[in-house]
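A.B. asks: Turn this into a structure:
(one chain, ligands or ions: 3)
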Amino acid sequence: MPADKIKHVAIIMDGNGRWAKEKHLPRVMGHHAGARAVERVMRAAKDLGIPYISLYAFSTENWKRAQSEVKGLMGLFRYYMRAKLSELCKENCRVRFAGNIAALPQDIAEILHEVEEKTRIYNERNLIICFNYGGRQEILDAVNKIIAQGTKTPVTAEIFRRSLYLPDVPDPDLIIRTSGEMRLSNFWLWQSSYSEYYFTRQYWPDFDKDSLEEAVRNYYERERRYGKA
Ligand code: IPE
Ligand code: IPE
Ligand code: MG
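C.D. replies: Ligands and ions are numbered 1, 2, ... in the order given. Alright, predicted model coming up:
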């Protein structure tokens, strides 16, 4: 089947640390440059008319990093969410978070709730930020939710989906990973079953409008089959 109009592009933003290392800068500077890349790519996604963008910003495994780096990432997140809220509203962009939000520092969890509340009226564009997100954790959370509901009937894929973090978000059509790594690293495990993948050697801070356009162009050259002949 020729690829339908792209609805959801999911991005594993990787390579901030190596980008900084090559420039003899501290890793956190790589994350700052990565945040600027997010702004660029959101503008490009708007121009391309992509209705859903999801960004893997912090995984459930990223807590294993040095405390100083984790602190730097949290600080950056705090700053950007506060600073960009009005712009996101102006852009008609609904922002939602996927992940274990309750386990985050309380002030960050509060900011996230505020951003979700203030942008929930928008429907033109959607930004999903995967923060303290892990695909296995999401699946386990769904299983436990279903058990807690006391469901007696067999669980179907549709029932299961309804217990995921954001059931109404369409599965990613395209998953982009920067920095040359070719793995999912616990991203969108359930949702990625028929996603197309695009890998680029570019580090995330260098990813720009041209890079996104190239990935999307490449997507449209593919044939999606979903198991059909
Ligand atoms: C991605 O860049 C950002 C996060 C995981 C938060 P990395 O920090 O993983 O950069 P590399 O992979 O070490 O270069
Ligand atoms: C994946 O990148 C997580 C995010 C981009 C937030 P990592 O850099 O943490 O993944 P691994 O450790 O190389 O698999
Ligand atoms: Mg990495």
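A.B. asks: could you point out where the protein is predicted with low confidence?
C.D. replies: Along the chain, segments meeting pLDDT under 70 span 1-2.
A.B. asks: repeat that for 80
C.D. replies: Scanning the chain for pLDDT under 80 picks out the ranges 1-3.
A.B. asks: can you list contacts of the strand or helix carrying Phe160?
C.D. replies: For Phe160, the host element (DSSP states H and E) is helix 157-162. For helix 157-162, contacts defined as C-beta atoms under 8 Å, 6 or more residues apart in numbering pick out 142, 146, 151, 167, 190. For glycine as for every other residue, the C-beta is placed from the backbone atoms N, C-alpha and C.
A.B. asks: and those residues near ligand 1, which?
C.D. replies: The subset of the contacts of helix 157-162 within reach of ligand 1, counting by C-beta under 6 Å from any ligand atom, is empty.
A.B. asks: The helix or strand that contains Glu138 and ligand 2 in contact?
C.D. replies: If you go by DSSP H and E, Glu138 is part of helix 135-148. No. Using C-beta under 6 Å from any ligand atom, helix 135-148 never reaches ligand 2; the gap is at least 10.9 Å.
A.B. asks: Just confirm Thr200 contacts Phe207, I think it does.
C.D. replies: Yes. Between Thr200 and Phe207 there is a contact at 7.5 Å, judged by C-beta atoms under 8 Å.
A.B. asks: and this structure, which residues reach ligand 2?
C.D. replies: 12-14, 56-59, 62, 181, 183, 185.
A.B. asks: Neighbours of the closest residue to Val28 other than its chain neighbours, how many?
C.D. replies: Spatial nearest neighbour of Val28, excluding adjacent residues (C-beta to C-beta, 6 or more residues apart in numbering): Gly72 at 3.8 Å. Gly72 has 19 neighbours, counted by other C-beta atoms under 10 Å.
A.B. asks: Which helix or strand contains Gly72?
C.D. replies: Assessed by DSSP H and E, Gly72 sits inside helix 67-90.
A.B. asks: neighbouring contacts of that helix?
C.D. replies: Contacts of helix 67-90 (C-beta under 8 Å, 6+ apart): 27-28, 31-32, 35, 38-39, 57-58, 62-63, 95, 105, 107-108, 111-112, 114-115, 118-119, 122, 127, 131.
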